[in-house]
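J.: The following comprises the amino acid sequence and a computationally predicted model.
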Amino acid sequence: MIKGGKSLVSSPPVFSNDAKKLLVCTGNTVSIFSTSTSLQIIELEGHTALVTSVVVVPGFTPSSKILCYCWTSSLDGTVRYWDFSLPELMKTVDIRLPIFSMVIPGILSQVAETDGKTPNLFAYLSVENTKIQDGQPKVHRQILKCNLTKSRLAAGVILAEVNEIDLYIFAN
């Protein structure tokens, strides 16, 4: 009998647009499995810390169901854009703060082309920011808005902030 420790899966898995692949955050990588054979077929490597989220870019037309693009976030402070059919890293956005989770709301409507212009794609990131105040580290949990199209945080936008002390009081 084999006894194990902690689970390697760090966030919920997601299916590709055609449901032929399952993307699973496993440690510092995203493992991609065939849903027909259950075998691992490819791995997205490049993050240097635990991968915390994976979001598949949905296809908006029947012909685009074969698209294989996704966004990943990690405790290494980066958000990465992948073509997972190859696999090829297409873009890296460096947030410089550990990212605990990522949500890209309405990704379908955000990626749909409007008036021939490419719209900005936004993600909301749950991060931990540690600042030194009065010689002591002070932890702030924040939800930040990130413009993935322009590869930067939305200037001055902190949607929520919780101090370490507030978390302690809430937990007890």
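T.: Done, it's in.

J.: Tell me where this protein has helices.
T.: In chain order, the chain shows helices spanning 107-111, 164-171, with DSSP state H as the criterion.

J.: lowest-confidence stretch among the ones you listed?
T.: Across these, the stretch with the lowest average pLDDT is helix 164-171; it has a mean of 46.

J.: and S151, what does it touch?
T.: Residues touching S151, when contacts are defined by Cβ atoms under 8 Å, 6 or more residues apart in numbering, comprise 91, 93. Yep, even glycine has a C-beta here, placed from its N, CA and C like the rest.

J.: could you measure V162 against S126, distance?
T.: In this view, V162 and S126 are 10 Å apart by Cβ to Cβ, to the nearest Å.

J.: Tell me the residues that contact both of these two, please.
T.: Each of 141-142 lies in contact with both V162 and S126 under the rule Cβ under 8 Å, 6+ apart.

J.: which of the two has more neighbours?
T.: Set V162 next to S126 and count neighbours by other Cβ atoms under 10 Å: S126 wins out with 20 against 13.

J.: right, and the more buried one touches R141 too?
T.: Yes - in terms of Cβ atoms under 8 Å, S126 counts as a neighbour of R141; the distance is 7.1 Å.

J.: Flag the shaky bits of the protein, pLDDT-wise.
T.: Counting by pLDDT under 70, the chain contains low-confidence residues at 1-8, 60, 63-64, 108-118, 156, 164-172.

J.: That one: strands as residue ranges?
T.: Assignment of strands within the chain using DSSP state E yields the ranges 14-15, 21-26, 29-34, 40-44, 51-56, 69-74, 78-83, 88-94, 99-103, 122-133, 136-147, 152-163.

J.: ranking those by burial, who's on top?
T.: For the strands of the chain, the largest average neighbour count (mean count of other Cβ atoms under 10 Å) is found in strand 69-74, namely a mean of 24.

J.: what does that one contact?
T.: Applying Cβ under 8 Å, 6+ apart, the external contacts of strand 69-74 come out as 14, 23, 25, 28, 30, 44, 47-57, 79-84, 90, 99, 101-102, 104, 123, 125, 148.

J.: and the angle for that strand with strand 122-133?
T.: The directions of strand 69-74 and strand 122-133 differ by 10 degrees, with axes from the mean of the first three to the mean of the last three Cα atoms, to 10 degrees as the criterion.

J.: Any idea what T130 is bridged to?
T.: Assessed by DSSP bridges, T130 has beta-bridge partners V139.

J.: so who does it touch?
T.: Neighbouring residues of T130 by Cβ under 8 Å, 6+ apart: 137-140.

J.: and these, which two are the farthest apart?
T.: Checked with Cβ to Cβ, those reach their widest spread between P137 and H140, with 10.5 Å between them.
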